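>>> Sequence and predicted structure are below.
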Amino acid sequence: MKLFTAALILSTSLFGAEGLTHEQMMQTGKNIYETTCISCHGVNGNTDPEMKLVVRPRQLSKSILSEDQMFQIVKHGAHTFGAHADIMPTFKYVYDDNQIRSVAHYVSQSFNKERTQRIEKLLNESTKLSSEQKAQRLKVGAKIFRRKCGMCHGITGNGESEYVEQSKADENFIYPYNLQKILLSEEQIFLYAKFGGHFWGTAKNDMPSWKKRYNDVKLKSVAHYVAQKIKKPNNPQE
Amino acid sequence: MKKIAIAALLASVTLFGADHVIDQKGKTFIPHEITVKVGDTLTFVNSDPFAHNAYTDDEANEFDIGMQAPGTKKTVPVKAAGKFDVECAIHPNMLLEVTAN
């Protein structure tokens, strides 16, 4: 029995995708990356800053996404998770789950392998909330969301707002995400709002950093509000 | 007749105050600091290709010009003396420091 349990644990750690070892996933992922992803996301996940696309592809070496979140986005496309259009298309008709898991594994384990430590460091350095501040998060977060976030993302967070209507004629305009569909966790939302999209690999004119305007307590409150009241369950069908 | 005209002109300046144009360009207020008098007005011009939303939470001079489309201008009065900040609700790095005497 002990032997069986040990074998199960070993197989879980060795085989991330069904029947594939870490080495096999890295090789499969590398092959797919270098034939498909590299044209937009660049060598080692470093997008060409001069690339002439309306929305600059995300710099994967700075991505906030976990390996599983990356798998979901490669499989179903960014639009499924709140992007305005299929700027990052779905690849589920091109590659099977094992291949997509492999490319997500390759990206996470090669040029974005510092992600976890980077996130942990930023969270450890952030202000810890007192129990009183935790109790006030929804109230504080709702007020800031309506005053600031809702201006772009819409008061319900669905990505539709007067700002979009008045600004979309700008050829460089980047549509705000539909926050109801996002994959990010509460902690990821906090870090994204605090440091802005560019810090996490998007174009400079994407989501701004709010760290000069709001302290960690307020930004954590907004993140809590978004995670609890705006974001909805999002489990796309096969 | 000339004296009356000059008196009327002086009266209108006193009554209506001066108008100060604040441009919003490149996600920046230009100028980013200004000294004005109570009774003056601030006219916000949006020269960016996207919308802005200038506002202040200062109690004595509170205003919120709402969503401002590209190429438009909106004017607000300076109602009370003091220092206050004007921000854009959309772009967090935009800051205008106003001193009203």
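Thanks, I have the structure now.
>>> Quick one: name the residues of chain A near chain B.
Residues of chain A that fall close to chain B, judged by Cβ under 8 Å from any Cβ of the partner chain: A:147-148, A:151-152, A:162-163, A:166-167, A:169-173, A:208-210, A:212-213. Heads up, the C-betas are built off the backbone N, CA and C, glycines and all.
>>> Mark which of those are buried, thanks.
A:Lys148, A:Met151, A:Cys152, A:Tyr163, A:Gln166, A:Ser167, A:Phe173, A:Pro208, A:Ser209, A:Trp210 (16 or more other Cβ atoms under 10 Å in any protein chain shown).
>>> For the residue positioned nearest the centre of chain B, what are phi and psi?
Centroid-nearest residue in chain B: B:Leu42, 1.8 Å away (criterion: Cα atoms, centre = their mean). As for B:Leu42, its main-chain torsions (degrees, to the nearest 10) stand at phi -110, psi 120.
>>> pretty sure it contacts B:Val76?
Yes - applying Cβ atoms under 8 Å, one finds B:Leu42 in contact with B:Val76, separated by 5.4 Å.
>>> related to what we said a few turns ago, dump the buried ones among the residues of chain A next to chain B to CSV, plus distance to B:Ala69 and pLDDT.
Listed next are those as CSV, based on distance: Cβ to Cβ, whole Å; pLDDT from 0 to 100:
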residue, distance to B:Ala69, pLDDT
A:Lys148, 19, 93
A:Met151, 14, 93
A:Cys152, 15, 95
A:Tyr163, 10, 93
A:Gln166, 4, 92
A:Ser167, 8, 92
A:Phe173, 13, 88
A:Pro208, 20, 93
A:Ser209, 25, 95
A:Trp210, 24, 95
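>>> can you name the two of those that are farthest apart?
Maximum pairwise distance among these (Cβ to Cβ): 22.9 Å, between A:Gln166 and A:Ser209.
>>> So which residues on chain B come close to chain A?
Counting by Cβ under 8 Å from any Cβ, the residues of chain B that sit close to chain A are B:49-51, B:53, B:67-70, B:87, B:89-93.
>>> would you list every one of the strands in chain B?
Taking DSSP state E, the strands of chain B run over residues B:19-25, B:28-30, B:33-36, B:41-46, B:54-56, B:63-64, B:73-77, B:82-88, B:95-100.
>>> Could you dump those into TSV with mean pLDDT added?
Converted to TSV, the strands of chain B look like this (pLDDT from 0 to 100):
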stretch	mean pLDDT
strand B:19-25	97
strand B:28-30	97
strand B:33-36	97
strand B:41-46	98
strand B:54-56	95
strand B:63-64	94
strand B:73-77	96
strand B:82-88	96
strand B:95-100	97
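>>> The residue nearest to the centre of chain B and chain A: what is the separation?
Separation of B:Leu42 from chain A (Cβ to the nearest Cβ, to the nearest Å): 20 Å.
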